[in-house]
Structures are given as structure tokens and as C-alpha cells.
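Novice: predicted coordinates and the sequence they were generated for:
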Amino acid sequence: MTNPHQDLASAARRVVSAIFFMCGSFIGIWASRIPHVKAGTGLDESGFGLLLLVMACGAFASFPLAGLLIDRRGAAPVTKFFTAATVVGFLLVGLAPSVPLLTAALFLAGFSFGALDVSMNGWGAEVETALGRPIMSSYHGLFSLGAATAALLGGAAIEAGLSVALHFILWVALTAPFLVWFWRQPWPQIAGPSDAAKAPLFALPKGALVLVGLMALVAALGEGAVTDWAALYQIGDLGYSEAIAPTAFTIFSTAMVIMRLSGDKVIARFGAVRVARWSGLVAFAGCLLLVSGLNIWSVWAGCFIMGLGYAVLFPLAMSRAAGDPHMSRGSALAAVATLGYGAFLFGPPVLGFVGDLLSLRASFAVVAVLTMAIPLLAGSLKVRS
């Protein structure tokens, strides 16, 4: 006889996995079309960095609200709502005909995407608990697979001469039907503790969770740097053609997929702390290769090694937050996301200012220096009651 609870959890895992993949695909599309969007605005690195900052502000504003909604309503319904909102937000980004409208669209997309990131990790943690085995890394592996797939197809779309608007419309048309499947998936409402309603809107991490958030911040900054600036770094600083520039992000995402899909078994064998320490060292080595810029192969090799190093750090941080003994699940996830995922969106604009002042090579050098802190912060992943 089959266990109906296990069947429900398995079905929910497929839905959450699909949401992670779709969420990553929008990042991949965005990364592949950033040079075109930037050229269309006529802005320099600093000006375009401000636009990226608007998107970051939207995400940052959504984190505490998402955590509060998870504790009060449960992660599943919040995830379903913000999945639909994210589809709409990214469609508006592709259709925005002017800088003011693009600014508004980026804020909306950032807000919905940030809230979705927190809530889908919360739902994923609930399914992980129901199944009784680690699966968080595989979720993030599918996120990276979606990003790599969309970035690869983005290069093909550029070669085919598709406009940014048509590219986004076609991708939304492909993904929108899955929203019906997401909404139909049943899942018991798992709200936070009874005192969650009295929790403050802006919850700060406590104790070791502060260090967990800082580790997630550094990892997310490295991931965001490659997503938003790797293509422009190759074109502007190194002089490579626009057609091959998205390849670096595709290689980076492919490495993330490989490591994340195998990450659950690696973590189960060696432990979260040890895996995080070695991941930080590997990511640092990749950063050095990327910064060297000796040739296109060293750049791509650096991106691949960085992908391997950063891959499991954010999933580890989110799993640690979901199981924190001192904060409700929604508040803990939102707090770590504020430090961690916020850096994925806030970091690249700051790196853009560094790039405008010095060079994008200097921006990636900053990332390399910060990455050295990851092995020192890894011990915070150990849960202490």
C-alpha cells in the first residue's frame, strides 16, 4: 500500500521543483539580455547600476512581508501567489519602452521575485521535512538548470535577432500554462507558531544565524556578480564579442547544476560545515582565474570553478534557517534572505559603481577577497539547540 502522505509530498516536490526551474529561467533570460537592455537605455555602468538597484530594493522590501505571510498563511499559498506575480513582473520588464517604465517594472519584478524566493524555500523545507531526507540542494540545482537553459537559449535568441520584448513574451507564453498546475497542487497549511502573528515585520537574525546570513551574503554576491556583469566584463574589459559573452554565465550555471544536483549526497556524507569550508576555497580559486582574464578559456574555467564553489552555500544557509531553534520558519528564512539573497540583487549595482570608477576586473577582485571569509563562517551551519 502506498502512503498518501508520502504521495502528497512527492507530488508537491515536483511542483516546487518546477517553480524553482521556472524562477531560474527568468534570471537566465535577464542575464542574457542585460547588454541589450543596457544599450537600449543609453546609460553608463553607474546609471545602469542604479536601475539594478531599483530591482534590488523591490526584492529587499518583499523579504519581511514574505516571512510574515509564511508564518500566518503557510508557505504554499504564498508561493503560488508570488509565482504568478513574478511571471507578470518579468513580462513587464521585457515590454517596458522607456527608462521610467523599466524602473517601475524592475521594482515590481524584484518585489515578486524576492518574495517568491523566500516562500518557495519555505515550501521546499516543508516538503523536505515531510519526506524525511535532504532535498534542498536539488531544488536549487533545478533553479540553476533553468537559468542555464534560458541563458543558452538567450544566446540563440540574440543570434536569431529576436527583440527583448519578443523574447520575454515567448518565454512567458511557454511557462504561463504551468501556473494552473501550481495552483491545483494541494498542500496542508503549515503556519508558524501561535506567537508568529506578534512578531515584528522586520526580523533580524539572531545568534549564529547572523553568521549564516553573512555566508549567504558572500555566496549570493558572487553568484549575482557573474549573473549581471560577466557578459559585460568580457565585452568591455576583455574585448570579446557579444555573441559569446553569455557563454560564461551558461558555464557558471551548468557547474551550479552539477554540484547542486549531487549536493544532497555530498552533504549527507561529509557534513554541512566541511562542505561549506571546501566550497569557499574552491570559489576563491575560481574568482582568481576569472580576474586574471588571461584568455577566454581561463575566464570560462574560472566561471565553472566558481559555480562549483558557490553552488551549495545558499541552499545550506536556507536549510539552516528553516531549522533554526530560536526563530519561526518564516522570520528565519526572511532574515537570512535579507542578508543573503539581498546581496544577489544589491551587490551587482555596487559592483557596477566599482566598475565605473575602476574596472569590472576590480569588481570581481572585490568578490574574490570577500569569498575568503566563507571558510571562516562555515561553522555557523551547525545547529545548536
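Specialist: It's in.
Novice: what residues of the helix or strand hosting P64 count as buried?
Specialist: Counting by DSSP states H and E, the element that carries P64 is helix 45-73. Neighbour counts over helix 45-73 (16 or more other C-beta atoms under 10 Å) mark 45, 48-49, 51-60, 62-71, 73 as buried. (C-beta placed from N, C-alpha, C; glycine too.)
Novice: next one: stretch 83-97
Specialist: By 16+ other C-beta under 10 Å, the buried positions in stretch 83-97 come out as 83, 85-87, 89-96.
Novice: in the stretch 251-385 of the chain, where is pLDDT below threshold?
Specialist: 341-342, 344-346, 383-385 (pLDDT under 70).
Novice: next, count neighbours for G224.
Specialist: G224 has 26 neighbouring residues, counting by other C-beta atoms under 10 Å.
Novice: how near is G309 to W123?
Specialist: Applying C-beta to C-beta, to the nearest Å, the value for G309 to W123 is 27 Å.
Novice: that should have said G236, apologies.
Specialist: Counting by C-beta to C-beta, the gap from G236 to W123 is 40 Å.
Novice: the two: who's more crowded?
Specialist: When G236 is set against W123 and neighbours are counted by other C-beta under 10 Å, the residue ahead is W123, at 26 against 17.
Novice: contact partners for the more buried one?
Specialist: Counting by C-beta atoms under 8 Å, 6 or more residues apart in numbering, W123 makes contact with 12, 16, 75-76, 79, 187.
Novice: how about 10 Å then?
Specialist: Contact partners of W123, counting by C-beta atoms under 10 Å, 6 or more residues apart in numbering, are 12-13, 15-16, 19, 70, 74-80, 139, 185, 187, 190.
Novice: check A208 too.
Specialist: Per C-beta under 10 Å, 6+ apart, neighbours of A208: 320, 324, 326, 377, 379-384.
Novice: can you check S62 too?
Specialist: Per C-beta under 10 Å, 6+ apart, neighbours of S62: 69, 82, 85, 110-119, 334, 337-338.
Novice: what's the helix or strand for A225?
Specialist: helix 208-232.
Novice: what average pLDDT does that helix get?
Specialist: Confidence over helix 208-232 (mean pLDDT, whole number) is 86.
Novice: for stretch 187-199, same thing?
Specialist: The average pLDDT within stretch 187-199 is 57.
Novice: any buried residues in stretch 286-297, and which?
Specialist: Neighbour-count burial for stretch 286-297 flags 286-291, 293 (criterion: 16+ other C-beta under 10 Å).
Novice: and for stretch 321-340?
Specialist: 321-322, 324, 327-340.
Novice: reformat the buried residues of stretch 286-297 as CSV; add distance to L166.
Specialist: Output for the buried residues of stretch 286-297, formatted as CSV (distance: C-beta to C-beta, whole Å):
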residue, distance to L166
G286, 35
C287, 36
L288, 39
L289, 36
L290, 32
V291, 36
G293, 33
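Novice: nearest to A220, of these?
Specialist: C287 (14.4 Å; C-beta to C-beta).
Novice: pLDDT (mean, whole number) over the helix or strand L153 falls within?
Specialist: L153 belongs to helix 136-159 when assigned by DSSP H and E. Averaging pLDDT along helix 136-159 gives 86.
Novice: and whichever helix or strand comes after it, what does it pack onto?
Specialist: The helix or strand immediately downstream of helix 136-159 is helix 164-175, counting by DSSP H and E. Where contact means 3 or more C-beta pairs under 10 Å, 6 or more residues apart in numbering; DSSP states H and E, helix 164-175 is packed against helix 4-41, helix 75-95, helix 136-159.
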